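> What shape does this take:
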Amino acid sequence: MDGNRRALLGAAALGAGGLAFTRAASAAMAPGTDHGDPGEGGFARKAEQLPPGATVAHHDPKDVEGMPDFRFSLDGNRPKITSGGWAKEATVHQFPISKGIAGVHMFLNPGAARELHWHAIAAEWAFVIDGRCQTVVLEPSGASEINNYEPGDLWYFARGHGHSIQCIGDKPCHFILSFDNGAFSEHGTFSITDWIDVTPKEMLALNFDLPKDAFDAFPKGEAYIQAGPVIPVSQALDAPWPKESTHKFQLLRDRRAVRDFEGGTFRLATIDEFPAQKTMSGGLMVIKPGMQRNLHWNVNANEWQYYLRGKGRVAIFGSGGRGKVAEFSPGDVAYIPMGFGHVIKNVGDDDLEIVQTWDNGKFEEIDLDKWVKASPNYLLTNNFAGVPAQTVEKMKQA
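I've put the predicted structure just below:
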């Protein structure tokens, strides 16, 4: 090969290399994209440095799912009403983001009872808002427990365990129910009256040692919440199960539940404080006016919030450049998927009260300010390029 031919090929190779470099640099720096050419950067152990790209990454909408709505008006929903009270629900069918947790607001008139029933696909967690009620639960072992509740108390029934709820005293009782399956619906529970109604009478007669015609008097359909005579609190049997795994927890009375923070109070029951509560955690958060529960995320569970009082603003972060802000009033629910960053601020004049549940018995969260404090300054100044060092230092001291 003569010198002229070698020079020509060398120039061609240099030109191809320069063109590739220019193409890679322009692709990296082009607005709206940070994708280079396929295979750039090498393969396996032969990976290599590429020219610098943009200072921030581009998130192509085609690669990132849209941010779903995370607010729903539970109490604005249509109630299911029967002779003794009503119930409203928020499931994944009405509130698509809430895949892990469904919720119900139930109201019992004095003397009324949510009949004997069970849930095939979800455990039940409850927070009593007002009034008094009694639950009866039966476990597969045959063990049963009868408990009386007042405002601020919790109960938990495992999936498939039979239970009932009855208002006691002359005042109505209402409570928030959470279920560890977003597909759960109150309209699909397994109720005793419904079962008896659809079972042949000769089989019922054999089961209960009664004549067949005795079942003519039973309800023709599901009673659901049945009206009844008022039961004085003093006459309501209370037969707690004498074991650590009782189904009742007094959230507002038990000192183990206290987890206060700057700007508010937090009462929380996890499996550690409430051993029966194996698949869920829950509690009550109160945030003072103008204050907030700072930026954090839940490591191992979805979060469901019911707004009991006040006015709140929630900002969530869903990765990939996605964020959304919504305002909440009494009767609203919020759903924060596991791992989504979020912050809750009281933007009203009254205390902001929120009933919160998580679909995991172990409660785990990480606060952003604690992560910042744990990180070296040189890492933070690298992450926040262009931010003055004194600003970064002040963030660590907050």
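> Spatially central residue in this protein, please.
Here the mean C-alpha position of the chain is nearest to the C-alpha of Glu303 (C-alpha atoms, centre = their mean), at a distance of 2.2 Å.
> Grab the nearest non-local neighbour of that one.
Counting by C-beta to C-beta, 6 or more residues apart in numbering, Ile336 is the residue found nearest to Glu303 once chain neighbours are left out, at 4.1 Å. In this view, the C-beta of every residue, glycine as well, is placed from N, C-alpha and C.
> is it true that the one you found touches Arg293?
No. Counting by C-beta atoms under 8 Å, Arg293 is not a contact partner of Ile336; they are 11.5 Å apart.
> Can you tell me how far the residue nearest to the centre of the chain is from Asn377?
32 Å (C-beta to C-beta, to the nearest Å).
> mind listing the strands in the stretch 1-150 of the chain by residue range?
71-73, 80-82, 85-90, 102-108, 113-118, 124-130, 132-138, 144-149 (DSSP state E, counting those that start in this stretch).
> now the helix or strand where Ile354 lies and strand 124-130, what's the angle there?
For Ile354, the host element (DSSP states H and E) is strand 352-358. Here strand 352-358 runs at an angle of 160 degrees relative to strand 124-130 (axes from the mean of the first three to the mean of the last three C-alpha atoms, to 10 degrees).
> in strand 352-358, what counts as buried?
Leu352, Glu353, Ile354, Val355, Gln356, Thr357, Trp358 (16 or more other C-beta atoms under 10 Å).
> what sits against the residue nearest to the centre of the chain?
Going by C-beta atoms under 8 Å, 6 or more residues apart in numbering, Glu303 touches Ala334, Tyr335, Ile336, Met338, His342, Gln356, Thr357, Trp358.
> any idea which of the strands of the stretch 1-150 of the chain is most buried?
For the strands of the stretch 1-150 of the chain, the largest average neighbour count (mean count of other C-beta atoms under 10 Å) is found in strand 102-108, namely a mean of 24.
> returning to that earlier point: from Glu365, how far off is the residue nearest to the centre of the chain?
Relative to Glu365, Glu303 is positioned 9 Å away (C-beta to C-beta).
> thought Ala239 was touching Ile146?
Yes. If you go by C-beta under 8 Å, Ala239 and Ile146 touch, sitting 4.2 Å apart.
> Now stretch 351-362 - C-alpha only, CSV.
Once non-C-alpha atoms are left out, stretch 351-362 reads as follows in CSV (Å, rounded to 0.1, in the frame of the first residue of the first chain):
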residue,chain,number,x,y,z
ASP,A,351,-55.7,20.8,63.2
LEU,A,352,-55.4,18.4,60.3
GLU,A,353,-56.5,14.9,61.4
ILE,A,354,-55.8,11.9,59.2
VAL,A,355,-56.5,8.2,59.8
GLN,A,356,-53.7,6.3,58.1
THR,A,357,-53.2,2.6,57.3
TRP,A,358,-50.4,0.6,55.6
ASP,A,359,-50.7,-2.9,54.1
ASN,A,360,-47.8,-4.3,56.2
GLY,A,361,-47.6,-5.2,59.8
LYS,A,362,-44.1,-3.8,59.9
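> Great, nothing more from me.
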